[in-house]
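A.B. asks: model this:
(chains A, B, C and D)
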2 protein chains.
Amino acid sequence: MASVFEVLAEPRRREILDLLRDGERPVGDLVRRLHMTQPAVSKHLRVLRAAGLVEVRQDAQRRWYRLRPEPLTEIDTWLEPYRRMWSASLDALERHLDAMEER
Amino acid sequence: MASVFEVLAEPRRREILDLLRDGERPVGDLVRRLHMTQPAVSKHLRVLRAAGLVEVRQDAQRRWYRLRPEPLTEIDTWLEPYRRMWSASLDALERHLDAMEER
DNA sequence: GCAGTACATGCCTCGTCGGTTATATTCCCT
DNA sequence: AGGGAATATAACCGACGAGGCATGTACTGC
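C.D. replies: Numbers count the residues shown, from 1 in each chain, chains lettered A, B, ... in the order given. Okay, here's the model as predicted:
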């Protein structure tokens, strides 16, 4: 398991990241919200940590996980040339609609 | 195999899409450029087609594959809230550097 | 020190995915 | 019609990943 793309392929891991957008959370909180077993969540967190997408802060027995969005830039930059392509076609659609409007 | 995320998890499939950005290509062309066997390429193309990321045009024995970037918007929209987060931190860095500059 | 809480880790199983080889299909050309 | 080119598909295999259960570990409060 290496690339950010593979890490995000798992829907559960995307859910975890989505939850962490609201701020740090302990593992048990994620377990409850995702309706999955604690070991499963811990495993996903391990993968996310290895990818640099989350970091941990320990507080007694609790481990608070926090989001680190930086590695997602890799996806964003890969997407960049494609984004130009579809925005071009959307622009074309828009011009077309505008032209329809004018008549 | 369903989501665009899973489809993009495969590095070879991303390579195929990258090649198709330059325009449509027949399968044999992809085989040569990717240094992989023809059945392997055909399988990836099948997955990409199922995801709506490519479409085919037949011309005699040749099948020309063409890129369809639209499904990638799903990733782009998922990324959107995160993009705001990291651009915020990048802005902070920039302000910091500007402040350094001024002294 | 002990019981309990919060989490990580190890081991096993099962499904799925990617690759390979062999074969089928379709079309062209002579 | 027959041979060859271009591609798809089938059958098989090996690897890997995700989940489940059991257990280990670390910390707390009494």
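A.B. asks: count the neighbours of residue A:40 for me.
C.D. replies: Residue A:40 has 12 neighbours, counted by other CB atoms under 10 Å in any protein chain shown. Yep, even glycine has a C-beta here, placed from its N, CA and C like the rest.
A.B. asks: what of residue A:45?
C.D. replies: By the criterion of other CB under 10 Å, residue A:45 has 20 neighbours.
A.B. asks: which helices and strands does the one helix or strand residue A:41 maps to pack with?
C.D. replies: Using DSSP states H and E, residue A:41 sits in helix A:38-50. Helices and strands touching helix A:38-50, by 3 or more CB pairs under 8 Å, 6 or more residues apart in numbering or on different chains; DSSP states H and E, are helix A:11-20, helix A:27-34, strand A:54-59.
A.B. asks: for chain A, which residues are neighbours of DNA strand C?
C.D. replies: Taking CB under 7 Å from any atom of the strand as the test, the list of chain A residues beside DNA strand C reads A:26-28, A:31, A:38-39, A:41-43, A:45-46, A:56, A:61-63.
A.B. asks: ok, those residues vs residue B:81, which is closest?
C.D. replies: Set against residue B:81, the nearest of the residues of chain A next to DNA strand C by CB to CB is residue A:45 (20.0 Å).
A.B. asks: can you lay out the helices and strands packed on helix A:38-50 as JSON lines showing mean pLDDT, mean neighbour count and distance to residue B:74?
C.D. replies: Formatted as JSON lines, those follow (pLDDT from 0 to 100; neighbours: other CB atoms under 10 Å in any protein chain shown; distance: least, CB to CB, whole Å):
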{"stretch": "helix A:11-20", "mean pLDDT": "98", "mean neighbour count": "17", "distance to residue B:74": "11"}
{"stretch": "helix A:27-34", "mean pLDDT": "96", "mean neighbour count": "15", "distance to residue B:74": "21"}
{"stretch": "strand A:54-59", "mean pLDDT": "96", "mean neighbour count": "13", "distance to residue B:74": "23"}
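A.B. asks: between these, which one is closest to residue B:20.
C.D. replies: helix A:11-20 (25.8 Å).
A.B. asks: show me what that closest one is in contact with.
C.D. replies: Here helix A:11-20 makes contact (CB atoms under 8 Å, 6 or more residues apart in numbering or on different chains) with A:7-8, A:25, A:30, A:33-34, A:36, A:40-41, A:44-45, A:47-48, A:53-54, A:65-67, B:3, B:5, B:78, B:82.
A.B. asks: which residue packs closest to residue A:62, ignoring adjacent ones?
C.D. replies: residue A:26 (4.5 Å; CB to CB, 6 or more residues apart in numbering or on different chains).
A.B. asks: any idea how far residue A:61 lies from chain B?
C.D. replies: 29 Å (CB to the nearest CB, to the nearest Å).
A.B. asks: can you count the residues close to that residue?
C.D. replies: 7.
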